[in-house]
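*Asks:* structure for the following, please:
(chains A and B)
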Amino acid sequence: MQKHLLGLEGVPREEIELILKTAFSFKEILSRPIPKVPTLRGKTIVNLFFEPSTRTRISFELAEKRLSADTVNFSASGSSVQKGETLRDTIRNIEAMKMDMVVIRHSAAGAPHFLTRCIDAAVINAGDGRHEHPTQALLDMMTLQERVGKLEGLKVAIVGDILHSRVARSNIYGLQTMGAEVAICGPKTLIPVEADQWGVEIFYNIDDAIRWADALNVLRIQLERQRTGLFPSLREYAAHFGVTRARLEAAQKDLIIMHPGPINRGIEIENDLADSEFSVILNQVTNGVAVRMAVLYLKSGVTETLE
Amino acid sequence: MNDPQIIAEVIDGRGLERTLARLAHEIIERNRGAENLVLIGLHTRGVPIAQRLADLIRQIEGMDVPTGVLDVTPYRDDVGRRHEVLKLKTTHLPFDIDGKVVVLVDDVLYTGRTARAALDALMDYGRPARIELAVIVDRGHRELPIKANYIGKVLPTSLGEEVAVRLKEIDGEDGVFLVTAKREG
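*Replies:* So this is what the prediction gives:
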């Protein structure tokens, strides 16, 4: 077992299985009348969020509190970062106040890796640039496993802005390690050129992806991307790549629909479909807390695994 | 890790059945029946033992006693003090424990730390009327002020020894053995 969780690239299958298995155990704890265990009592965890985040930050914070860790939150706005402090100085100062783990979200790919060279604490990547978002992919896999029973052989299509998506990258690494088949689907401008080396199916037509897949992971279209000219308009994107009930009915398939949030209703996914029987979007959110508890527990000051 | 060597067989297969039968009788004698009872097995070997006790109580009293499974790992007092992560197991308590008499079931009572963790875990589920502890073997060396209500056998041991309770469901055979302690390395 690695000390840090920086990404899912290269993480062996046994480790992903252990995280998922542990997450299911923690999910049961979350259903108790008192959904809190003393496991990480006395541990201090710092949440460093250099990029805005609501869901991931709350999910990590809740996971830490459910494990009885002490938490400190740091967000870039209104902090020393705005006064020009470097990432290295920020983290060294926080480390001097004694902490055991760091959860970091940063707009620069590789920021979590950089941290591991500055400090001794275990580092958990909560999303770095366009690189990876491992806990999101783990909660996606947990949700699929919960629904289907296994990941081996499952066909998962990731739809949308693959180019800018760390969620897509982590999902591809994780799902392929677990023996699932992965496809990506989106307009050519949002599929990176190196995608043909990822060992995934590539669809430029959403109906083809729907016909192929057992599950769709629908990514958020970042509204600010429209200005960069990568697609003509949100309406056009919705018309060509929006996942709708009509498209599912045309393919006559019971797909599982996931979305990492926040949803642009009516753009990448039809309004009512997000709340339909196909959707596991809220299960993903619930499972997110359990997965993050599992990761924090398994990385809590450990050097090796049992057995 | 050296494989533990068997020093002596303490209870054989038939003996273990008799011990369990006596424990089942003691539980219903003390509780005047099985009306308000639930049995909760502690991982790993407490789980099949609790199931067997429930089966025996059903034969004697003619009623089903709910059984559950409890993993105390998240409540242990040595998380983060060990250089390894303990794997979590499942917890399944498909009933309300409020107002119930909970009998915790484990194979061996030793330091008492597992029982302490189990007590904390149960408090997060509700407020039982009473919590009791049933074990196959009490081997001594308590580190906490804890004692069992139902004991199959009191077995004085040295720290260089361990007690291995073997069960058909897990180990393929029944019996209690005194073995040499596992040594690292």
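*Asks:* go ahead and flag the most central residue of the chain.
*Replies:* The chain I'm using is chain A. For chain A, the residue sitting closest to the mean C-alpha position, by CA atoms, centre = their mean, is A:Gln136 at 1.6 Å.
*Asks:* hm, I was asking about chain B
*Replies:* Centroid-nearest residue in chain B, with CA atoms, centre = their mean: B:Asp106, separated by 0.4 Å.
*Asks:* who's that residue bridged to?
*Replies:* In this structure, B:Asp106 bridges to B:Val135 when assessed by DSSP bridges.
*Asks:* quick one, phi/psi of the residue nearest to the centre of chain A?
*Replies:* Phi and psi for A:Gln136, reported as degrees, to the nearest 10, are phi -70, psi -40.
*Asks:* what's the answer for A:Arg57, then?
*Replies:* Here is the backbone geometry of A:Arg57 (degrees, to the nearest 10): phi -70, psi -50.
*Asks:* mind listing what it touches?
*Replies:* Taking CB atoms under 8 Å, 6 or more residues apart in numbering or on different chains as the contact definition, A:Arg57 lies against A:Asn47, A:Phe49, A:Asn73, A:Arg105, A:Ala126. To be clear about C-beta, it is placed using only N, CA and C from the backbone, and glycine gets the same treatment.
*Asks:* any idea how far the residue nearest to the centre of chain A lies from A:Gly242?
*Replies:* Shown here: A:Gln136 relative to A:Gly242, a distance of 22 Å by CB to CB, to the nearest Å.
*Asks:* interface residues of chain B facing chain A?
*Replies:* When proximity is defined as CB under 8 Å from any CB of the partner chain, chain B approaches chain A at B:71, B:73-76, B:79-80, B:83-92, B:120-121, B:123-126.
*Asks:* could you check how far the closest residue in space to A:Asp100 that isn't next to it in sequence is from A:Lys299?
*Replies:* Nearest non-adjacent residue to A:Asp100, counting by CB to CB, 6 or more residues apart in numbering or on different chains: A:Lys43, 4.5 Å away. Separation of A:Lys43 from A:Lys299 (CB to CB) stands at 11 Å.
*Asks:* what about the chain, any weak spots by pLDDT?
*Replies:* All of this is about chain A. Residues of chain A meeting the criterion pLDDT under 70: A:78-79, A:301-307.
*Asks:* wait, chain B was what I had in mind.
*Replies:* Where chain B drops to pLDDT under 70, the residues are B:1-2, B:83, B:183-185.
*Asks:* pull out the buried residues from the helix ranked longest in it.
*Replies:* Here the longest helix in chain B is taken by residue count, with DSSP state H as the criterion, and it is helix B:13-30. For helix B:13-30, a neighbour-count test (16 or more other CB atoms under 10 Å in any protein chain shown) marks B:Gly15, B:Leu16, B:Thr19, B:Leu20, B:Leu23, B:Ala24, B:Ile27, B:Ile28 as buried.
*Asks:* of the residues you listed, closest to A:Gln2?
*Replies:* For the buried residues of helix B:13-30, the residue nearest A:Gln2 by CB to CB is B:Leu16; the value is 43.2 Å.
*Asks:* surely that closest one meets B:Val137?
*Replies:* No. Contact between B:Leu16 and B:Val137 fails when scored by CB atoms under 8 Å: they sit 10.4 Å apart.
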